[in-house]
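# heads up, no residue letters with this:
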């Protein structure tokens, strides 16, 4: 029996006045995985994350977390979701202990002892004021608060963007330790693809307000290849298997999604890296056929 998706969106659209941040966004996240969410600025990543945690409601379509809509604001639905925003906001005048008590008073499943133990192990004093902590320490406190909810889905919006390399590594170690400890699904948004590759096993690429690629990272890398051969004059992008075409004076390089399909004589096949794969999908233009099926704004 197929497991229920941790997050499912069906034909979701979100409009701000006359502009659509998301259009026809359909996605399923498998449970128990760490999923990378990648896309350029303005692609709709933050809107998708905020829809997933109930901070926004879709203009059209539906969003479900483990079969329930977070937009209903039901205690049961929201208790299963943890969210860490990019600026990891904390009440600066509160001590860390105050923040833990506040979290316990606002969440039905809050594990105060778990959060206190994590922070103590990281050398963060519970008596310290949040505003006096370093950026890395503040991010660890925010992560500890989110994990103390004992969520089934943890949503992270660029959580390491302002951290130095050591703080980033400590944040990743804390996150992966939490994933190993229990049944936790993570949706992790970041521009740093090389860092996501270390912690994520599932990939979602969003561009132009739509999901353009989604799947298990190892499977996606196995399905794509770089083909290098003599320069061709015809444009092969009419084929659905061709993701990107690059020409030099004498050679053509094709990024194709065709797995173990036969290679043309005189051509060489090479594996593709995750960052190279992501960038190729982000460089793809909007599909005119898909755009023509969208309702007018």
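Great, that's in hand. Computed from a predicted structure; not experimentally measured.

# alpha carbons only for contacts and neighbour counts from here, please
Will do.

# which SSE is residue 263 in?
Counting by DSSP states H and E, no helix or strand carries residue 263.

# Can you list the residue ranges for strands in the stretch 1-150 of the chain?
Per DSSP state E, counting those that start in this stretch, the stretch 1-150 of the chain has strands spanning 7-16, 19-29, 34-38, 60-65, 81-84. These are given in chain order.

# helices or strands up against the longest helix belonging to the chain?
When the chain is scanned for its longest helix (criterion: DSSP state H), the result is helix 165-181. Identification of packing neighbours for helix 165-181 by 3 or more C-alpha pairs under 8 Å, 6 or more residues apart in numbering; DSSP states H and E yields helix 135-148.

# Identify the residue nearest the geometric centre of this protein.
Central residue of the chain (C-alpha atoms, centre = their mean): residue 37, 2.4 Å from the mean position.

# Name whatever forms a beta bridge with that one.
Residue 37 has these beta-bridge partners by DSSP bridges: residue 189, residue 204.

# Report the rounded mean pLDDT for stretch 60-79.
For stretch 60-79, mean pLDDT rounds to 88.

# List the buried residues for that stretch?
60-66, 68-71, 77-79 (16 or more other C-alpha atoms under 10 Å).

# Give the helix, strand or coil label for residue 154.
Following DSSP: H, G, I helix; E, B strand; the rest coil, residue 154 is assigned to strand.

# In this structure it contacts residue 79, no?
No - contact between residue 154 and residue 79 fails when scored by C-alpha atoms under 8 Å: they sit 10.9 Å apart.

# sorry, back to before: show me the one of the strands of the stretch 1-150 of the chain that comes nearest residue 98.
strand 81-84 (18.3 Å; C-alpha to C-alpha).

# so where do the helices sit in this structure?
Assigned by DSSP H, the helices in the chain fall at 45-52, 75-79, 96-106, 112-121, 135-148, 165-181, 193-199, 217-223, 274-283, 288-292.

# about what we covered before: now for the strands of the stretch 1-150 of the chain, which one comes closest to residue 244?
strand 34-38 (18.1 Å).

# which residues sit against that closest one?
With contact meaning C-alpha atoms under 8 Å, 6 or more residues apart in numbering, strand 34-38 is reached by 29, 45, 185-191, 193, 196, 199-206, 278.

# picking that back up, put together a markdown table for the helices of the chain, with distance to residue 11 on each row.
Putting the helices of the chain into a markdown table (distance: least, C-alpha to C-alpha, whole Å) gives the following:
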| stretch | distance to residue 11 |
| --- | --- |
| helix 45-52 | 12 |
| helix 75-79 | 21 |
| helix 96-106 | 32 |
| helix 112-121 | 37 |
| helix 135-148 | 29 |
| helix 165-181 | 29 |
| helix 193-199 | 26 |
| helix 217-223 | 23 |
| helix 274-283 | 20 |
| helix 288-292 | 13 |
